[in-house]
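A.B. asks: sequence unknown, structure follows:
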């Protein structure tokens, strides 16, 4: 038994699906505890799980409760993450502190990837990945998500990188570390609330089956690391790039004046954008999350089919 298994607690539904090699989609909990306000956070988490089940996969929302790495939260636990203010935003560096101190933690993209890989879940759907922050040449503010993508073998379905980031440098980092960026029915790399960022993806795929084959081939060749599946926000929900860029510029200046840095920066900037757009950015955020959840489930279903066919060869 691998020693890390002692920290994992996988719920019965998810465990059964994994044992039967059925499709499972990992979901983060930071979006519940720190990304969205109540009750939108709870409603979004519940609807996300419903949509994934509707597509034929099993949702596995991940979080840390009393030091246990929980894979598959119950309805009561989702409510707890949506309402409790003491839950710590937890990335890679925070996990051993939470386990040793028996604390609660909401997992980010990086820590969700880590726990998903421990549980042998290969597909993870989220909102947007972190990246290189604007002004990183001075602050060295680079998200742990990027390093995790370089070494943890999970496919991350997202609406690109958050538009508050330096997307050009984010893509350069991913290229340096050999992380393929696949656009789903697009050649343009999306920027969270907007469908285009001015940068392109490495490759395009037209179907979930194509993406599942790429996943299989990458990992069969022992090419360790993740895959970014860039899934643009639905056109009807997309924001005006000009408005968003102007808002981001002003929000970053305000953050500098108020000394907001580190883990607090992204929530601060997103809150400023929500106010600027009179709540439209919040609705866009929720719509893109649902869109990614559905695609994640479709990819997980195709990947499970591939594994099943190989088992019968």
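C.D. replies: In hand now; what should we look at? Everything quoted here is computed from the prediction, not taken from an experiment. Numbers count the residues shown, from 1 in each chain.
A.B. asks: Flag the shaky bits of the stretch 101-250 of the chain, pLDDT-wise.
C.D. replies: By pLDDT under 70, the stretch 101-250 of the chain has no low-scoring segment.
A.B. asks: contacting residues for the closest residue to residue 247 other than its chain neighbours?
C.D. replies: In this structure, residue 247 finds its nearest non-sequential neighbour in residue 276, 4.3 Å apart by C-beta to C-beta, 6 or more residues apart in numbering. C-betas here are computed from N, CA, C, even on glycine. Shown in contact with residue 276 (C-beta atoms under 8 Å, 6 or more residues apart in numbering): 243, 247, 250, 251.
A.B. asks: these two touch, right, the second one and residue 275?
C.D. replies: No. With contact taken as C-beta atoms under 8 Å, residue 247 and residue 275 are classed as non-touching, separated by 9.1 Å.
A.B. asks: Comparing the two, which residue is more hemmed in?
C.D. replies: Shown here are residue 247 and residue 275; by other C-beta atoms under 10 Å, residue 247 has more neighbours (23 against 11).
A.B. asks: Phi first, then psi, for the more buried one.
C.D. replies: phi -60, psi -40 (degrees, to the nearest 10).
A.B. asks: And the one 5 residues further on, by the same measure?
C.D. replies: As for residue 252, its main-chain torsions (degrees, to the nearest 10) stand at phi -70, psi -40.
A.B. asks: Can you give me the neighbour number for it?
C.D. replies: Neighbourhood size, residue 252 [other C-beta under 10 Å]: 19.
A.B. asks: how close does it sit to residue 244?
C.D. replies: To residue 244, residue 252 is 12 Å away according to C-beta to C-beta, to the nearest Å.
A.B. asks: and if you look at residue 183?
C.D. replies: In this view, residue 183 and residue 244 are 20 Å apart by C-beta to C-beta.
A.B. asks: do residue 221 as well
C.D. replies: Separation of residue 221 from residue 244 (C-beta to C-beta): 38 Å.
A.B. asks: Alright, I will stop here.
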